[in-house]
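Engineer: need a structure here:
(2 chains)
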Amino acid sequence: MHKLLLLGDEAIAQAGIDAGMSGIFSYPGTPSTEITEFVHASGEAREKGIVARWAANEKTAAEAALGMSYAGKRTMTCMKHVGLNVAADVFLNASITGANGGIIFVVADDPSMHSSQNEQDSRVYGKFAMVPILEPSNQQEAYDMVHLGFDISERFRVPVMIRITTRLAHSRSGVVRRDGREQNSLRLPGDLKQFILLPALARKKYQSLLDNQQAFQGLSEESEYNTYTPGEDHSLGIVACGLAYNYLMENYPDRKPPYPVVKVCQYPLPYNNIKKLYDECDRILVIEEGYPVVEEMLSGFVTEGKKISGRLDSSLPRTGELNPNIVGEALGFKTGELLKVPGLVAKRPPSLCKGCPHIDSFLGLNEAMEKYGKGKVFSDIGCYTLAALPPYESINTCVDMGASITMAKGAADAGLAPAVAVIGDSTFTHSGITGLLDAVNDGSNITVVILDNATTGMTGGQPSAALDKVEDICRGVGVEEEHIRVIKPLPKRHEENTRVFAEELAYDGVSVIIPRRECIQTLNKRMRQKFKDKTKKAE
Amino acid sequence: MKNDIILAGVGGQGILSIAAIIGYAAVQSGLYLKQAEVHGMSQRGGDVQSHLRLSSEEIASDLIPLGGADMIISVEPMESLRYLPYLKPQGWLVTNTEVFVNIPNYPEKEDVLKEIANLPRHVSLDADKIAGEIGNKKAANVVVLGAASPFIDIPFEKLEEAVGFLFGKKGDELVEMNLAALREGRRIAKSNTGN
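Structural biologist: The predicted structure follows:
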């Protein structure tokens, strides 16, 4: 059958389109961005009238998805692992309300922190919410599991989590499609109180989630994605979760490990297979991407049973992404003599692009800050976080979306002056507005720099929810008109801009400086498109 | 048949286009393929790599094991060296010699090229210059792919078809230019290695 060559992310998107999804709501975040981008770009999705929206943040996105589920239609919301922190409120409560139309939370974890500030494991959240988790081991499973996820979600009226990691999200392979499924028609919940979490009602709903746990367990026991493969050597039994299964197999060219293997791609953890493995083997090795979630479950607390190995007993590294070699060593294989990287090879960290407006903003800010000394600039999540590195070394914090403004406020309230926040336009509308409101209400002495490049740059230029709205938002929140200053970050305006920075740093109160110039990447893309359109017309 | 290839370069140099060409050709040849890419922060001028695996059998891991790559294809010389631990001792290293300097401590070009010359099996060529002579400096990545093509177990015509398919939307002129780049890279590699 014809195969499509798809990234793991794209396989999930294509599956949504094929499985009768009516809408997808997300906020961009590596490595999850390409799911929603694919639906955006898909002609097929457009023909089918599938709604694809970038929301202001992961919480608003997930809530919109829950609303679509309420209305009876299938929906997906996609985010990176730390995005689920933002959407945690809706995620955990949606597990109590349950679903009407099928709803899938796709969460992409980033072990090794390729593009993230931590490597939290979303399976912990899934367990926290007590919902079924699907963890595909390859692109085809990612595709198939969307269909399964919607089935489970609609059958048990429960949100389902699909958990992937960077390597699957951004790796391409052949995927076979299934026949399409019709979208649901608009259909209100049978019980109009289903989504009302008043205590008395919530207690009942919570009980029904608990009652369903047995059924979810049953699904895992029977799942075609949770397999047991016998092996002759019972000195070791292996539990391999999701992607880790591939690294296990890579070490055996015939794909036949001598040990019994339990593959886990659906949670709750399948008891029967693992119990069988535990009973027949001397020691268990758990291979999983992310936190030692399964390993901890098997180890228990007061360990008196058989030895459980994995990330906790140093058989595998405690942190970071797995690979075939790491897994091979845990299995007793030695990595042979390798060629060495010559000493002259220098590190090449990412950097701000040539012509990036942020460069001019930071050069101006740095000069204006000189007389105050280092350590007073709070920043945020985006390309501009790269200003932490030489040659700029302008910023001192990067914690979570929106934290620049609120941390600057707290430090200002502690007496730090000046206290500066540097945040991007998209991050500002994601989670910065409420913090600015706090600062205005408390009259905190902070200077907020909102770098407005008219896009969500770091993730590849998705539309910014802040477009053409930044000043209005600041005014609306209560920032004084004369302390909302818009500048154009260009080398030739350096002196003028530095003066504006200096003036607002000296002001005792909330001031906002908005350096506004389009992202050089989106500008170039737009220009190329314009040129193309022009030549097309000329033809 | 099994080819494990590391593609290397700097964010924005077009290694994903090389991957796309080989990938399309591989799928058209009925091969299995897995290709792990780097997206996100590193794409901003940082070092990027892609693991490209082709096989007549189903492939397990998306990542190539250390010491397992048959070939490194690099659009930048220093970047070609960064991934040497992945290369089999007798693997091929095919690289552009034109440096991309965006860091203050970039080593001497001469020293970088010397390290490459020390490897038992390598092809190095100034792909930027060759692409410029053909009339499209942006095709340097395709020149490098051409230079690697004698060592990839896919019929050359399939790679040509893939170039036609992938650049087809952008007009015939661009297709011809990239085909010329592909062929010239191949010619040079063949004459340099006596293949």
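
Engineer: host element of the residue at the greatest distance from the centre of chain B?
Structural biologist: Here chain B reaches farthest from its C-alpha mean at residue B:104, the gap being 25.6 Å by CA atoms, centre = their mean. Following DSSP states H and E, there is no helix or strand that holds residue B:104.

Engineer: do the one 10 residues further on as well
Structural biologist: Here residue B:114 is covered by helix B:109-117, with elements defined by DSSP H and E.

Engineer: Give me the packing partners of that helix, helices and strands only.
Structural biologist: Here helix B:109-117 touches helix B:77-82, strand B:122-125, going by 3 or more CB pairs under 8 Å, 6 or more residues apart in numbering or on different chains; DSSP states H and E. Just so you know, the C-beta spots here come from the backbone N, C-alpha and C atoms, and that holds for glycine as well.

Engineer: Identify the bridge partners of the residue nearest the centre of chain B.
Structural biologist: In chain B, the centroid-proximal residue (CA atoms, centre = their mean) is residue B:73; its distance is 3.5 Å. On the basis of DSSP bridges, residue B:73 is bridged to residue B:7, residue B:94.

Engineer: I'd say it and residue B:144 touch.
Structural biologist: Yes. Residue B:73 is within contact range of residue B:144, at 6.1 Å (criterion: CB atoms under 8 Å).

Engineer: got any residues that touch both of those two?
Structural biologist: The contact sets of residue B:73 and residue B:144 overlap at B:18, B:94-95 (CB atoms under 8 Å, 6 or more residues apart in numbering or on different chains).

Engineer: Give the next helix or strand downstream of the helix or strand encompassing residue A:249.
Structural biologist: Taking DSSP H and E as the criterion, residue A:249 maps to helix A:244-250. The first helix or strand that comes after helix A:244-250 along the chain, using DSSP H and E, is strand A:261-264.

Engineer: That next one vs chain B: in contact?
Structural biologist: No. Residues of strand A:261-264 contacting chain B under CB under 8 Å from any CB of the partner chain: none, with a closest distance of 12.2 Å.

Engineer: Number of residues surrounding the closest residue to residue B:22 other than its chain neighbours?
Structural biologist: Closest residue to residue B:22 apart from its sequence neighbours, by CB to CB, 6 or more residues apart in numbering or on different chains: residue B:52 at 6.1 Å. Number of residues near residue B:52 (other CB atoms under 10 Å in any protein chain shown) recorded here: 27.

Engineer: now swap in residue A:494 and tell me
Structural biologist: The burial count for residue A:494: 14, using other CB under 10 Å.

Engineer: which residues touch residue 27?
Structural biologist: Went with chain A since none was named. A:54-58, A:60-61, A:79, A:83, A:86, A:430.

Engineer: Can you look at chain B instead?
Structural biologist: Residue B:27 neighbours (CB under 8 Å, 6+ apart): A:3, A:5, A:174, B:33.

Engineer: Now that we're looking at residue A:539, what pLDDT does it have?
Structural biologist: With respect to pLDDT, residue A:539 has a value of 61.

Engineer: How about the backbone phi and psi for residue 105?
Structural biologist: Defaulting to chain A. Residue A:105 has phi and psi values of phi -90, psi 110 when expressed as degrees, to the nearest 10.

Engineer: Quick check: it vs residue A:129, distance?
Structural biologist: Distance of residue A:105 to residue A:129, computed by CB to CB, to the nearest Å: 9 Å.

Engineer: Touching both of those two, which residues are there?
Structural biologist: In contact with both residue A:105 and residue A:129: A:91, A:159, A:161, using CB under 8 Å, 6+ apart.

Engineer: In strands only, show me these.
Structural biologist: Residues of the shared contacts of residue A:105 and residue A:129 located in strands (DSSP state E): residue A:161.

Engineer: Please name the nearest non-neighbouring residue to residue A:318.
Structural biologist: Nearest to residue A:318 is residue A:311, by CB to CB, 6+ apart, at 5.1 Å.

Engineer: can you check residue A:116 too?
Structural biologist: residue A:110 (4.1 Å).

Engineer: what's the pLDDT at that neighbour?
Structural biologist: 97.

Engineer: State the number of residues packed around the residue nearest to residue A:318.
Structural biologist: By the criterion of other CB under 10 Å, residue A:311 has 22 neighbours.

Engineer: State the phi and psi torsions of it.
Structural biologist: Backbone torsions of residue A:311, given as degrees, to the nearest 10, read phi -80, psi -20.

Engineer: quick one: it and residue A:268, what's the gap?
Structural biologist: To residue A:268, residue A:311 is 20 Å away according to CB to CB.

Engineer: Then residue A:452?
Structural biologist: Counting by CB to CB, the separation of residue A:452 from residue A:268 is 46 Å.

Engineer: More neighbours: which of those two?
Structural biologist: residue A:452 (27 against 20).
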